[in-house]
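Visitor: this one's sequence-less:
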């Protein structure tokens, strides 16, 4: 199995390439436009791999996604959880909770982990050439190293926000405790962001990887005794909002063009 983590330091963002060297196929997860679609194509080509699918954990609010462009460039599906239906204004390939993607000997199971957003999905990865036990989980903006994703990145349209901030926080708490923390302790954790990102709170670590066992024991947000305490803690320890997040998320939902986002930032 090949797993590469690409870090874009200005936004403390991590995207991923998961591949099977025998099948010579790869899946890209959460590609960022700051690196560009061509970057991922070249990275795969350097390893002798063909990109067969593009996955996203959720609709992002702090950076422009190039998932649509990358999928179109390679003539492959762009996948989002089916809960994104009616939210995004472009075509994508939906999947349900528990769906399994296979790339040669690499098994990627979709785990619906809502809270940060309603469609948010984590991906549990198993290298079947080594074992039938999972190796790591891509947690997106649900579980960070030392912290969790924030539930308050709304865009002002309640029809698109789907649920309020308090409901999102309670849902996120359940997603982590009931799904992610139910995984074996040895499973490694690789999130979409690390310290420096504004998508989590002040307790985010600069490390871009952890384990389920470590987060159970040391994650301050998840050590709160109840969902109510968790919601209060997350709100009190949040960072300032990401720059221009409303416009960025509007683009990632397909509501405005990339030129409208970039023009406003110029």
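Guide: Happy to help now that I have it. Model, not experiment: these values are computed from the prediction.
Visitor: now stretch 52-69, how far from the centre of its chain.
Guide: Distance of stretch 52-69 from the chain centroid (Cα atoms, centre = their mean, to the nearest Å) equals 9 Å.
Visitor: tell me the helix or strand right after the one helix or strand in the chain whose mean pLDDT sits lowest.
Guide: Least confident helix or strand, the chain: helix 158-161 with a mean of 55, by mean pLDDT, DSSP states H and E. Going down the chain from helix 158-161, the next helix or strand is helix 165-174, by DSSP states H and E.
Visitor: show me what that next one packs onto, helices and strands only.
Guide: Applying 3 or more Cβ pairs under 8 Å, 6 or more residues apart in numbering; DSSP states H and E, we find helix 165-174 packed against helix 227-236. All C-beta spots, glycine's among them, are computed from the backbone N, C-alpha and C.
Visitor: quick one: the helix it packs on to chain centroid distance?
Guide: 21 Å.
Visitor: now do the SS call for residue 111.
Guide: For residue 111, the assignment made with DSSP: H, G, I helix; E, B strand; the rest coil gives strand.
Visitor: low-confidence stretches in the stretch 151-266 of the chain?
Guide: Along the stretch 151-266 of the chain, the parts satisfying pLDDT under 70 run over 154-163, 264-266.
Visitor: what are the ranges of the helices in this structure?
Guide: Per DSSP state H, the chain carries helices over the ranges 37-46, 67-74, 158-161, 165-174, 212-218, 227-236, 245-252, 258-265.
Visitor: closest to residue 144 out of the ones you listed?
Guide: Closest approach to residue 144 among the helices of the chain (Cβ to Cβ): helix 212-218, 8.7 Å.
Visitor: how far out from the middle of the chain is the closest one?
Guide: Its chain's average C-alpha position is 19 Å from that of helix 212-218, according to Cα atoms, centre = their mean.
Visitor: list the contacts of it.
Guide: For helix 212-218, the surrounding residues in contact (Cβ atoms under 8 Å, 6 or more residues apart in numbering) are 137, 143, 145-146, 180-181, 183-187, 189, 222.
Visitor: repeat that with 7 Å
Guide: By Cβ atoms under 7 Å, 6 or more residues apart in numbering, the residues outside helix 212-218 that reach it are 143, 146, 180-181, 183-187, 189, 222.
Visitor: which parts of that helix are buried?
Guide: Going by neighbour count (16 or more other Cβ atoms under 10 Å), the buried part of helix 212-218 is 212-215.
Visitor: about what we covered before: between the contacts of helix 212-218, which has the most around it?
Guide: Neighbour tally across those (other Cβ atoms under 10 Å): the maximum, 30 neighbours, falls on residue 143.
Visitor: wait, isn't that residue in contact with residue 189?
Guide: Yes. At 6.2 Å, residue 143 counts as touching residue 189 under the criterion of Cβ atoms under 7 Å.
Visitor: do you know how far residue 116 is from residue 199?
Guide: Plainly put, residue 116 is 8 Å away from residue 199 if you go by Cβ to Cβ, to the nearest Å.
Visitor: isn't residue 129 up against residue 105?
Guide: Yes. Using Cβ under 7 Å, residue 129 is in contact with residue 105, at 4.5 Å.
Visitor: quick one: common contacting residues for those two?
Guide: residue 1.
Visitor: more neighbours: which of the two?
Guide: residue 105 (15 against 12).
Visitor: wait, what's in contact with that one?
Guide: By Cβ under 7 Å, 6+ apart, residue 105 lies in contact with 1, 20, 22, 127-129.
Visitor: 8 Å instead, please
Guide: Shown in contact with residue 105 (Cβ under 8 Å, 6+ apart): 1, 20, 22-23, 127-129.
Visitor: what is the burial count for the nearest residue to residue 11 once chain neighbours are set aside?
Guide: Nearest residue to residue 11, sequence neighbours excluded (Cβ to Cβ, 6 or more residues apart in numbering): residue 63, at 5.3 Å. Look at residue 63: counted by other Cβ under 10 Å, it has 25 neighbours.
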